[in-house]
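Visitor: Attaching a predicted model along with its sequence, questions to come.
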Amino acid sequence: MYPFSKKQIFSNQFFVFFTIAVVFLWMKTYFTQITQFHLGVEGILQQFLLFINPLGSAILFLSIAFLFKGRKKYIVLLIIDLFLSILLYANVVYYRFFDDFITLPTIFQTQNFGDVSGSVPALMRPYDFLFFIDWVILLLLVILKFFKMPTSELGRKKVFAIISLALGISCLNLGLAESDRPQLLTRGFDRNYIVKYLGMYNYTIYDAVESTKASAQRVLADSSDITKIINYTKSNYAEPNPEYFGIAEGKNVIYIHLESMQNFLIDYKLNGEEVTPFLNSLAKDPNSLYFDHFYHQTAQGKTADAEFMLDNSLYGLPQGAAFITKGRNTYHAAPAILSSYGYTSAVFHGNSGSFWNRNEIYKSFGFEHFYDIDYFQVQLEEDLAEYGLMDKPFFHQSIQYLKTLPQPFYTKFITVTHHYPYKLDENLATIGKHVTGDKSVDNYFQTARYADEAIEQFFNDLKEAGLYENTIFILYGDHYGISENHNEAMETVLGEEVTPTVSADLQRVPLIIHMPGLEGKTIHTYGGQIDLLPTVLHLLGVDTSDYIHFGTDLLSKNHKELVAFRNGDFVSPEVYSVDGKFYDPITGEKIDDSLLDYSKELKQLVEEQLHLSDQVVNGDLLRFYTPDGFEPVDKKTINYKKDSE
């Protein structure tokens, strides 16, 4: 016997209203998932899962309204439906730029909202009102009293049956997903898989669980957890190359952070004109090492992830950013390491010191000075970009502070002009836009040229200030500027189809190490941002064998050319892993069976490395280990306020 008849249940007007709301939310979510996200759906089973996965969630969440009585049912259902619609739309807007989904830690990065608000309008579309049209219809149905207030309740058995139906659909969904993608929930490096198989709302639950587990790791960690990590990093340590070890000993260090600069710009010509002529000349300079297979490895933290890796040789987190959630951890970062070698350390950034929690985590890294926007003057309105001071006045004004630092110094300059949405006053543009028809892509080249000119000016100012000759420069790209959402336009830019392997190579960013007297060349070694710290420390003559670094010296003969991406994919000279599939980097075709086992081994190595790095960061494990000769950071002695200088 069924606990209710069809006639009985459909005579209840709230149930009819509930059914309409479920169908609206289900269809809206399904069409959003197939039109707004690039999930790589293949085969009938995955198509079916994408269709069915919003249904169980819609029934389950909206059925909460049945727990209330009378008019409150309608109000609660409308509130839940609006919340889910906002969540869906927020992910759509976020995905348009980041090519990723919102996680719980990113939601709580509220201190950044004011700083990034300028980019949001550029991500919105005229048709976006459609994401809420169903909710407006439901609201009007209630206001215009198309449905009467319920005079009788369905009863517990009927409500239980509805919830059971929702759970049954979700369990079926999960079972089919696991059959197609084993260990889906236990190897969830790639959020695309979770959304594709389980849907947007179930992904949100999964993310909340994973975030909670990560937060609990620090509480549960103890000193024994670090032993496995030490053994791993020691066994993967790459001895420095004697040809390069110590050749920059005692030199000043200047990192130049090339915001959103992708490597395809090097030597790229637009209408016969070089877009980045100075960077091109620097890459070919006889005193430069140019790495043409260097990849960014950032996740949701983007710029912050890049900084995190270059200062610590630890991966950014799979959810949110360590800069925000792990700012108070113990670190063995470059500034603290080099302080034992007499180095003064400083960061220069023309934005608010609180942006991305920099004014806190820099102290944990051991940076002695942080010159944020308070140290700079905005003399003209056009000197201010979306994310701080424009690069040219930023570099020019930085010289006065750089000259006051005791030498040798370890410094980092973070540029902002070449940042999405790539706005630039026409009177500042010295090259035309591209003509792909994609606004973001077309504007990208003008701000890249501006950034290139600013860096050239900075080099000239350093020479005039007498700071050039005794300095080693590391210029590196932090992350992609043009996401996969713009592949159609990028095919026009590149003059070729953006295949999976081409897409992977678009994650290459420039890396140029320049030093007067250095014997330069182009190096084809595969590497990533995780490898920068041991590389630079070895150039400075610092032994890193006792430190927990997940990268290895790019110049070492023992450097392993396996570049892990945060989603578990990778690139290497023999195999590329893209969206979980393996490709030949030369032909672009899927690999043959002879390399399949080797590819799976590489995949396991990547996942192990990411997992161990996450254990270090989430568990704050470096608090249990102090390398010989390392002096822990005392944050109480560091003050970045201008009046304290």
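Guide: Received, thanks.

Visitor: contact partners of stretch 78-95?
Guide: The contact list for stretch 78-95 (CB atoms under 8 Å, 6 or more residues apart in numbering) reads 21, 24-25, 28-29, 32, 36-37, 58, 61-62, 64-65, 100-102, 106, 120, 123-124, 128, 131-132, 134-135, 138-139, 142, 200-201, 204, 485. From N, CA and C alone the C-beta is placed, and that goes for glycine too.

Visitor: chain center to stretch 591-601: distance?
Guide: Relative to its parent chain, stretch 591-601 has a centroid offset of 28 Å by CA atoms, centre = their mean, to the nearest Å.

Visitor: wait, I meant stretch 374-384
Guide: Mean C-alpha position of stretch 374-384 versus that of the full chain (CA atoms, centre = their mean) differs by 28 Å.

Visitor: Can you show me the CA trace of that stretch as PDB?
Guide: These are the backbone C-alpha positions of stretch 374-384, laid out as PDB (Å, rounded to 0.1, in the frame of the first residue of the first chain):
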ATOM      1  CA  ASP A 374      50.000  53.700   1.900                       C
ATOM      2  CA  TYR A 375      53.600  54.300   0.700                       C
ATOM      3  CA  PHE A 376      52.600  55.500  -2.700                       C
ATOM      4  CA  GLN A 377      51.100  58.700  -4.100                       C
ATOM      5  CA  VAL A 378      48.300  58.600  -6.700                       C
ATOM      6  CA  GLN A 379      48.900  61.900  -8.500                       C
ATOM      7  CA  LEU A 380      46.600  61.400 -11.400                       C
ATOM      8  CA  GLU A 381      43.300  59.600 -11.700                       C
ATOM      9  CA  GLU A 382      44.700  57.500 -14.600                       C
ATOM     10  CA  ASP A 383      47.500  56.300 -12.200                       C
ATOM     11  CA  LEU A 384      45.000  54.000 -10.500                       C
END
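
Visitor: Residue 641: neighbouring residues, count only.
Guide: Neighbour count for residue 641, taken as other CB atoms under 10 Å: 11.

Visitor: If we ignore the residues flanking it in sequence, what's nearest residue 500?
Guide: Nearest non-adjacent residue to residue 500, counting by CB to CB, 6 or more residues apart in numbering: residue 578, 4.0 Å away.

Visitor: Check residue 101 too.
Guide: Of all residues not flanking residue 101 in the chain, residue 191 sits nearest, at 4.9 Å (CB to CB, 6+ apart).

Visitor: same question, residue 66
Guide: Spatial nearest neighbour of residue 66, excluding adjacent residues (CB to CB, 6+ apart): residue 159 at 4.5 Å.

Visitor: Model confidence score at that neighbour, please.
Guide: Looking at residue 159, its pLDDT is 87.

Visitor: Would you mind confirming that residue 233 makes contact with residue 552?
Guide: No - at 9.5 Å, residue 233 does not count as touching residue 552 under the criterion of CB atoms under 8 Å.

Visitor: out of those two, which sits in the more crowded spot?
Guide: Shown here are residue 233 and residue 552; by other CB under 10 Å, residue 552 has more neighbours (26 against 23).

Visitor: Tell me if I'm right that residue 285 and residue 514 touch.
Guide: Yes - counting by CB under 8 Å, residue 285 does reach residue 514; the two are 6.3 Å apart.

Visitor: As a check, name the ranges of all strands in the stretch 301-450 of the chain.
Guide: With DSSP state E, counting those that start in this stretch as the criterion, the stretch 301-450 of the chain has strands at 344-349, 369-371, 384-385, 388-389, 409-414.

Visitor: Equivalent analysis for the stretch 151-300 of the chain, please.
Guide: 252-258, 269-270, 273-274, 288-291, 294-295.

Visitor: from the ones you listed, which stretch is densest packed?
Guide: Mean neighbour count (mean count of other CB atoms under 10 Å) peaks for strand 294-295 among those, with a mean of 26.

Visitor: any idea of the mean pLDDT for that one?
Guide: Across strand 294-295, pLDDT averages out at 98.

Visitor: swap in stretch 601-620?
Guide: When pLDDT is averaged along stretch 601-620, the result is 96.

Visitor: How about stretch 502-515?
Guide: Regarding stretch 502-515, the rounded mean pLDDT is 97.

Visitor: Next, the buried residues of it.
Guide: Using 16 or more other CB atoms under 10 Å as the test for burial, stretch 502-515 gives 502, 504-515.

Visitor: Kindly report the same for stretch 231-246.
Guide: For stretch 231-246, using 16+ other CB under 10 Å, the buried residues are 232, 233, 237, 238, 240, 241, 244, 245.

Visitor: now stretch 388-407
Guide: 388-395, 397-398, 401-402, 405.

Visitor: Lowest pLDDT pick from these?
Guide: residue 388 (85).

Visitor: Could you tell me which residues make contact with the nearest residue to it once chain neighbours are set aside?
Guide: Using CB to CB, 6+ apart and skipping the chain neighbours, the partner closest in space to residue 388 is residue 351 (3.3 Å). Residue 351 makes contacts with 115, 372, 373, 387, 388, 389, 414, 416, as judged by CB under 8 Å, 6+ apart.

Visitor: in the sheet, who's paired with the fifth one?
Guide: Beta-bridge partners for residue 388, by DSSP bridges, are residue 385.

Visitor: contact partners of the helix or strand containing residue 487?
Guide: Assigned by DSSP states H and E, residue 487 falls within helix 487-494. Residues from elsewhere that reach helix 487-494 (CB under 8 Å, 6+ apart): 264, 434, 436-438, 441-442, 482, 497-498, 502-503, 506.

Visitor: Quick check: of these, which lies closest to residue 213?
Guide: Distance to residue 213 across the contacts of helix 487-494 (CB to CB) is lowest for residue 503, with 31.0 Å.

Visitor: you'd agree the closest one is up against residue 484?
Guide: Yes - using CB under 8 Å, residue 503 is in contact with residue 484, at 6.1 Å.

Visitor: before we move on, the earlier item: relative to residue 78, how far out is the residue nearest to residue 66?
Guide: Computed with CB to CB, to the nearest Å, the distance linking residue 159 and residue 78 is 18 Å.

Visitor: Over to residue 240?
Guide: Residue 240 is 64 Å from residue 78, where distance means CB to CB.

Visitor: For residue 290, report the pLDDT, please.
Guide: Residue 290 is assigned 98 on the pLDDT scale.

Visitor: Which residue, other than its chain neighbours, is closest to it?
Guide: residue 283 (4.0 Å).

Visitor: quick one, what contacts the one you found?
Guide: 266, 267, 290, 510, 512, 522.

Visitor: rerun that using 7 Å as the cut-off
Guide: 266, 290, 512 (CB atoms under 7 Å, 6 or more residues apart in numbering).

Visitor: Which one of those is nearest to residue 310?
Guide: residue 512 (14.0 Å).

Visitor: quick revisit: who has more neighbours, residue 159 and residue 78?
Guide: Applying other CB under 10 Å to residue 159 and residue 78 shows that residue 78 carries more neighbours, namely 19 against 16.

Visitor: Quickly note the distance from the more buried one to residue 516.
Guide: For residue 78, the distance to residue 516 (CB to CB) stands at 67 Å.

Visitor: do residue 472 as well
Guide: For residue 472, the distance to residue 516 equals 9 Å [CB to CB].

Visitor: With neighbour numbers in mind, choose between these two.
Guide: More crowded of residue 472 and residue 516, by other CB under 10 Å: residue 472, with 21 against 13.

Visitor: Quick check: buried residues in stretch 356-376?
Guide: With burial defined by 16+ other CB under 10 Å, the residues of stretch 356-376 counted as buried are 356-373, 375-376.

Visitor: is it possible to export the strands of the stretch 301-450 of the chain to JSON lines including distance to residue 163?
Guide: Putting those into JSON lines (distance: least, CB to CB, whole Å) gives the following:
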{"stretch": "strand 344-349", "distance to residue 163": "51"}
{"stretch": "strand 369-371", "distance to residue 163": "52"}
{"stretch": "strand 384-385", "distance to residue 163": "51"}
{"stretch": "strand 388-389", "distance to residue 163": "50"}
{"stretch": "strand 409-414", "distance to residue 163": "50"}
